[in-house]
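Chemist: output the structure for:
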Amino acid sequence: MSNYTHTIGWIGAGRMGYAMAKNLLDAGCDVSIYNRTRSKAEPLAEFGAKIVDTPKDLSDRDIVFTMVSGPDDLLNVTFGENGVLTADEKKPKLLVDCSSVSEEASAATRKKANKIDVAVLAAPVSGNAKVVKAGKLTIVASGPRQSFEMAEPYLNAIGVGATYVGENELARMVKICHNLLLGVVTQNLSEITVLAEKGGVPRHAFLDFINKSVMGSMFTRYKTPAFVNLDMTPTFTPELLRKDLDLGLTAGKNLGVPLPVTQLTRDMVQKTIDAGHSGRDFSVLLEEQAKESGLELKPEHVEVGDGL
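Modeler: Numbers count the residues shown, from 1 in each chain. The predicted model follows:
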């Protein structure tokens with residue numbers, strides 16, 4: 001018997017949402033999908049999805065996942081005109097939000113949904129669309145324990161499994177901390193890569209050693225092609241990283257936790273943005289570090305793997 005006994009609604013078929021919904025379809029789940037631009041979701045029909053015209057058309061689904069751009073979109077698809085939680089006759093049992101939104105926006109959605117007896121699970125993710133396709137997405141979840149247990153088989157189908165961290169918006173705090181580590185590690189990796197190259201070591205050789213060492217990680221391996229061949233096609237921009245660093249610094253201030261290394265990283269990210277690197281991949285921190293070091297970077301044109 002299948003582990004997937006609930007009907008699923010999915011809102012948001014951007015790069016991430018599309019890949020995540022496809023993983024559910026590939027696992028054999030019953031999925032209906034809404035996307036603001038319908039044509040972006042329509043290819044998923046080939047894999048068994050039903051494409052609907054409004055979020056409200058998903059109100060009869062047991063569990064509805066949202067993967068949207070930000071808090072305004074989340075509010076719009078849930079409680080806006082034709083929102084999934086605006087139907088009088090029927091509502092989902094559970095809303096699972098995988099979007100990157102603030103604790104405040106998440107709490108406001110939860111409070112409003114709870115008033116109409118819809119449970120909410122905050123479930124932000126770590127990874128991009130390529131990571132999703134490789135089956136290596138990780139998810140952190142918070143909310144009622146029984147809601148997590150209901151959603152867990154589907155979260156496991158989307159990625160490599162979810163970590164439950166407690167009630168309310170704790171998953172949002174985990175995601176903020178995760179993104180502080182992302183920023184600090186990228187800045188430090190930029191510094192040591194430039195140091196090694198200025199000392200005469202080719203970037204591909206240096207990073208090959210790091211990736212094979214105890215300090216290597218899925219992240220350092222994934223960023224190696226960008227660092228070696230300087231392909232700055234955006235997966236995550238400096239502006240988005242700055243936003244997350246600011247959220248973390250605010251949380252640190254509110255909780256009385258000094259974050260000096262995070263603050264320095266935030267300053268470097270701002271410097272990178274001011275240098276005209278908006279809209280590029282945040283790996284461009286490497287280029288700014290090289291400029292500060294009097295080093296002219298050139299693509300090495302070496303074929304390197306990304307570990308996925």
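Chemist: what's the domain layout of the chain?
Modeler: As given by automatic domain parsing, the domain ranges for the chain are 7-167, 172-292.
Chemist: show me the contacts for residue 175.
Modeler: 100, 124, 126, 140 (C-beta atoms under 8 Å, 6 or more residues apart in numbering). Yep, even glycine has a C-beta here, placed from its N, CA and C like the rest.
Chemist: quick revisit: and among the domains of the chain, the most buried is which?
Modeler: By mean neighbour count, with neighbours taken as mean count of other C-beta atoms under 10 Å, domain 7-167 ranks first of the domains of the chain at a mean of 19.
Chemist: how far away is the nearest residue to residue 207 once chain neighbours are set aside from residue 308?
Modeler: Closest residue to residue 207 apart from its sequence neighbours, by C-beta to C-beta, 6 or more residues apart in numbering: residue 224 at 4.8 Å. Going from residue 224 to residue 308 by C-beta to C-beta, to the nearest Å gives 11 Å.
Chemist: then residue 275?
Modeler: Applying C-beta to C-beta, the value for residue 275 to residue 308 is 30 Å.
Chemist: what residues does residue 123 make contact with?
Modeler: 96-98, 139-141, 151, 155, 162, 171.
Chemist: ok, for it, nearest residue in space, not its chain neighbours?
Modeler: The shortest distance from residue 123 to any non-neighbouring residue, by C-beta to C-beta, 6+ apart, is to residue 141 (4.4 Å).
Chemist: what sits against that neighbour?
Modeler: Taking C-beta under 8 Å, 6+ apart as the criterion, residue 141 is in contact with 121-123, 148, 151, 155, 162-165, 171.
Chemist: quick check: which element contains it?
Modeler: Applying DSSP states H and E as the criterion places residue 141 in strand 138-141.
Chemist: I'd like the average pLDDT over that strand.
Modeler: Mean per-residue pLDDT for strand 138-141: 97.
Chemist: go on, stretch 91-104?
Modeler: In this model, stretch 91-104 has a mean pLDDT of 92.
Chemist: kind regards, and thank you for your time.
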